[in-house]
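Novice: sequence plus the predicted model coming up.
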Amino acid sequence: MNTKVVLKLAVASLAASAFGAAIAAPLTVASYDMLNGNTGSYNYWDDTYSGTGAIGTNNAPLSGGKGDLTDGVVANNNWFVTEAPVGPGPYVGWTIDPTIHFHFGGLVNIQKVSFNFDDSNGAGGVSAPRSVQIAGTTYGVADPSGDAPFQFDVVGLNLNVADLQIAIQRANAWVFISEISFDGQRGGVLPEPGALSLLALGMIGLAFAKRR
């Protein structure tokens, strides 16, 4: 096999490895801990929470389980439509600034966190939050036009953690969340682009040296 063919195969293999390693996939949450939601016109508790704690009590400590925030159900309508008087709804709503501790059951690399908020433009005191804080870093949330629920993504995080603390700062009396999801990969750290570039340059140099 000539040098050109070797070089092409090596670079192609390196690129495939780099892209494969950098692909993020949905991450499964093992459990999360937080204070339960509150009561207003209806009950905005984490009705499906599977861990310990009083799911029918305002601000009760919940731990060791999962519920509405990670069940894959994203609300497409405002709280006053989906949180009917009878039965549980998809949102958890707070009149405090909630802090949520997520546990992944092992080391993960988190690239993206997605939040699904309600934004009723102040109806019932419900608006988009002012900000979210992820692992101590604050990200401002721009209030979108209109009054529809919306998804807010924080990308490019590159967090290597087994547990993650997220805090929400309200901009109004209430904050409503139907889902929080994560994308990344389990286990090892994603390779740094600089390291991949150096490896590629080294392989190219070797190929040209062999040709000379």
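Specialist: Noted; the coordinates are in hand. Residues are numbered from 1 along each chain as shown.

Novice: so who does the closest residue to residue 150 other than its chain neighbours touch?
Specialist: With Cβ to Cβ, 6 or more residues apart in numbering as the criterion, residue 150 has its nearest non-adjacent residue at 5.1 Å, and that residue is residue 144. C-beta coordinates here come from the backbone N, C-alpha and C atoms, glycine included. Listed by Cβ atoms under 8 Å, 6 or more residues apart in numbering, the contact set of residue 144 reads 119, 128, 150.

Novice: my guess is the last one meets residue 120, correct?
Specialist: Think residue 150. No - Residue 150 is beyond contact range of residue 120, at 11.2 Å (criterion: Cβ atoms under 8 Å).

Novice: those two: which is more packed in?
Specialist: residue 120 (20 against 17; other Cβ atoms under 10 Å).

Novice: where does the more buried one fall, secondary structure wise?
Specialist: Applying DSSP states H and E as the criterion places residue 120 outside every helix and strand.

Novice: and the pLDDT at the closest residue to it other than its chain neighbours?
Specialist: Excluding the flanking residues, the one nearest residue 120 by Cβ to Cβ, 6+ apart is residue 126, at 4.2 Å. The score at residue 126 is 97. That number is its pLDDT.

Novice: before we move on, what about residue 86?
Specialist: 64.

Novice: let the chain start at 208 from now.
Specialist: Sure, I'll start counting at 208 from here, so that last one is residue 293.

Novice: before we move on, back to that, name the SS class of the residue nearest to residue 357, please.
Specialist: At residue 351 the chain is in coil, as set by DSSP: H, G, I helix; E, B strand; the rest coil.

Novice: what's the spacing between it and residue 334?
Specialist: 11 Å (Cβ to Cβ, to the nearest Å).

Novice: which neighbours do those two share?
Specialist: Residues touching both residue 351 and residue 334 comprise residue 326, with contact defined as Cβ under 8 Å, 6+ apart.

Novice: return the distance of residue 312 relative to residue 369.
Specialist: 8 Å.

Novice: next: residue 238.
Specialist: Distance from residue 238 to residue 369, by Cβ to Cβ: 12 Å.

Novice: give me the more crowded residue out of those two.
Specialist: Legend: neighbour count by other Cβ under 10 Å for residue 238 and residue 369, higher for residue 238 (20 against 12).

Novice: contacting residues around that one?
Specialist: The neighbours of residue 238, taking Cβ under 8 Å, 6+ apart as the test, are 258, 270, 271, 272, 273, 309, 310, 312.

Novice: tell me the one among those residues nearest to residue 339.
Specialist: The closest of the contacts of residue 238 to residue 339 turns out to be residue 309 (Cβ to Cβ; 12.8 Å).

Novice: which two in the contacts of residue 238 are spaced the farthest apart?
Specialist: 270 and 312 (14.7 Å).

Novice: are any of the contacts of residue 238 buried, and which?
Specialist: By neighbour count, with 16 or more other Cβ atoms under 10 Å, the contacts of residue 238 hold 258, 272, 273, 309, 310 as buried.

Novice: quick one, helices of this structure?
Specialist: Using DSSP state H, the helices of the chain run over 210-229, 286-289, 400-418.

Novice: want to throw the contacts of residue 351 into CSV with distance to residue 383?
Specialist: Listed next are these as CSV, based on distance: Cβ to Cβ, whole Å:
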residue, distance to residue 383
326, 9
335, 10
357, 11
